[in-house]
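> The following block contains a protein sequence and its predicted model.
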Amino acid sequence: MGIDRRKFLKQAGVSGAGLITLPQLHTFDPFSLFPSFNANQEPSILQREWMEMGFGMFIHFGINTYYDKEWSDGNFDPYRINPTALNTDEWCRVAQAAGMKYIVIVSKHHDGFCLWPSRFTDYTISRSKFNRDILAAISNSASKFGLKLGLYYSLWDQHESESTMDEWKYIDFIKNQVTELLIDYGPIVEIWFDGFWQRQQSGWEKKPEGEKSQEITIEELAVRNENFIDAWRMEGAYRWQMDHLYNFVKSLQPACFVMNNSTGSYPGVPLFPVDARTGERYVNFKEDRKKWNWLGQDVYVPLQIETTMSTKGNQQFPEGNWFWHEWDHSVLSKEEVNTYLDFARKHNANLLLNVGPGPDGRLRKEDETVLSGLNG
């Protein structure tokens, strides 16, 4: 399958056939990623290596690509999926030429459809007309072009969690799928969790808009963010078993950064335990806080800003699409992408820029043209 697969199988004691035997879980020391408390609060060596990547490609491709959807409910027929011109080498070649150092692909969105042949659900690429492991292809292509591989994984799964499993059995389902992802596809630089809000029923609200967003002070924003973190730790972190899941990821790949999307309502806020913060469309802020208290100690937590090449969305997502849509040919200009890059560098953040390949598996011509011109 992916790079270093035999090594990962051997380390985890996983057979190529049959069910996964979950590895023995050892408590991971989160401060192995962070520096000890000091006056300067500098990033750790591992954090610096992650930050030095700087620029990456986000790839949204899946069942939504074939049904003109950004979100779907897990009931679409996957047989329609058939990217006849799929060329993951092309994706990675464009990323490399644009100066990107890593790629993060959506392995499973909120609909629950898996781009790999997971043994724990029937809603996978194996049921498509294409019937080939896309994650294996992208893993091999990333290795060929010297790119590091990251994975987006939605905790919220509308195909499985709400129909077939209780809340606690579903945690085992997540662990089984995470084991497949972190064993079969070589070294993973980050795993990007999403969908926390499905089990966070209190303590958070949408961000202020318009004039209200301009009126809020940095001090008021800090209080709002801290209240949100407290609410997360009191409910969401428990219901998702995030402390356990964090340690579980580290038992498989200690250097894999764990991220948890705090959404556009709280961009840049760490949903601990995490190794880096997400910043969905976080491209216009007054100040980015780098130091946060975790387990009684101030730690440096780096930031990744995520945005998309599309600039024309629909009524539900007006700021731009993440998945491909036939009617959407909007695209950021080369100058706009460079502005985002400059902004990210100014704030010591990574920029993860999204593309949505079409149903044939090829990048949009608009995206390829802009990205190919970045280093020209």
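Received, thanks. These figures come from a predicted structure and were not determined experimentally. Numbers count the residues shown, from 1 in each chain.
> What confidence value was assigned to Asn375?
According to the prediction, Asn375 has pLDDT 72.
> contacting residues around it?
Ala97, Ala98, Gly99 (C-beta atoms under 8 Å, 6 or more residues apart in numbering). Every C-beta, even on glycine, is put in place using the N, C-alpha and C of the backbone.
> got the contact list for the closest residue to Gln200 other than its chain neighbours?
Nearest non-adjacent residue to Gln200, counting by C-beta to C-beta, 6 or more residues apart in numbering: Gly236, 3.8 Å away. Residues in contact with Gly236 (C-beta under 8 Å, 6+ apart) are Phe196, Trp197, Arg199, Gln200, Met242, Leu271.
> among the residues you listed, who's most crowded?
Leu271 (25 neighbours; other C-beta atoms under 10 Å).
> Write down the beta-bridge partners of the nearest residue to it once chain neighbours are set aside, one by one.
Nearest residue to Leu271 in three dimensions, chain neighbours excluded: Asn260, at 4.1 Å (C-beta to C-beta, 6+ apart). As for beta bridges, Asn260 partners with Phe193 under DSSP bridges.
> Retrieve the pLDDT associated with Asn260.
At Asn260, pLDDT is 98.
> Hmm, Thr278 and it touching each other?
Yes: Asn260 is in contact with Thr278 according to C-beta atoms under 8 Å; the separation is 7.1 Å.
> And the two? Which one has more around it.
Using other C-beta under 10 Å as the criterion, Asn260 and Thr278 rank with Asn260 on top: 29 against 26.
> ok, now which ones touch that one?
Contacts of Asn260 by C-beta under 8 Å, 6+ apart are Phe193, Asp194, Phe196, Met242, Pro270, Leu271, Val274, Thr278.
> ok, longest helix in this structure?
helix 167-184 (DSSP state H).
> Glu306: neighbour count?
25.
> Excluding residues flanking it in the chain, which one is nearest it?
Leu352 (4.6 Å).
> Next up, the contacts around the closest residue in space to Thr84 that isn't next to it in sequence.
Of all residues not flanking Thr84 in the chain, Asp360 sits nearest, at 5.8 Å (C-beta to C-beta, 6+ apart). Residues near Asp360 by C-beta under 8 Å, 6+ apart: Pro83, Thr84, Ala85, Leu86.
> Phi, psi for Asp360 please.
For Asp360, the backbone dihedrals are phi -80, psi -10 (criterion: degrees, to the nearest 10).
> Met165 too?
The phi/psi pair for Met165 (degrees, to the nearest 10) is phi -140, psi 150.
> next one: the helix or strand where the residue nearest to Glu306 lies to chain centre, how far?
Under the criterion of DSSP states H and E, Leu352 resides in strand 349-355. Relative to the chain's own centre, strand 349-355 is displaced by 11 Å; criterion: C-alpha atoms, centre = their mean, to the nearest Å.
> What is the subsequent helix or strand relative to the helix or strand bottoming out on mean pLDDT in the chain?
Within the chain, no helix or strand scores below helix 5-12, which has a mean of 47 by mean pLDDT, DSSP states H and E. Downstream of helix 5-12, the first helix or strand assigned by DSSP H and E is helix 45-53.
> ok, and what's touching the helix or strand following that following helix?
Tracing the chain past helix 45-53, the next element assigned as helix or strand by DSSP H and E is strand 55-59. The contact list for strand 55-59 (C-beta under 8 Å, 6+ apart) reads 91, 94-95, 98-106, 138, 150, 152, 306, 308, 322, 341, 344, 350-357.
> Kindly report the same for stretch 193-207.
110, 152-157, 167, 213, 227-228, 230-232, 234-236, 239-240, 258-266, 271.
> Which of those residues fall in helices?
Short answer: those in helices (DSSP H) are Glu167, Ser213, Asn227, Phe228, Asp230, Ala231, Arg239.
> Please indicate which of those are buried?
Among the ones in helices among the contacts of stretch 193-207, the ones that count as buried by 16 or more other C-beta atoms under 10 Å are Phe228, Ala231.
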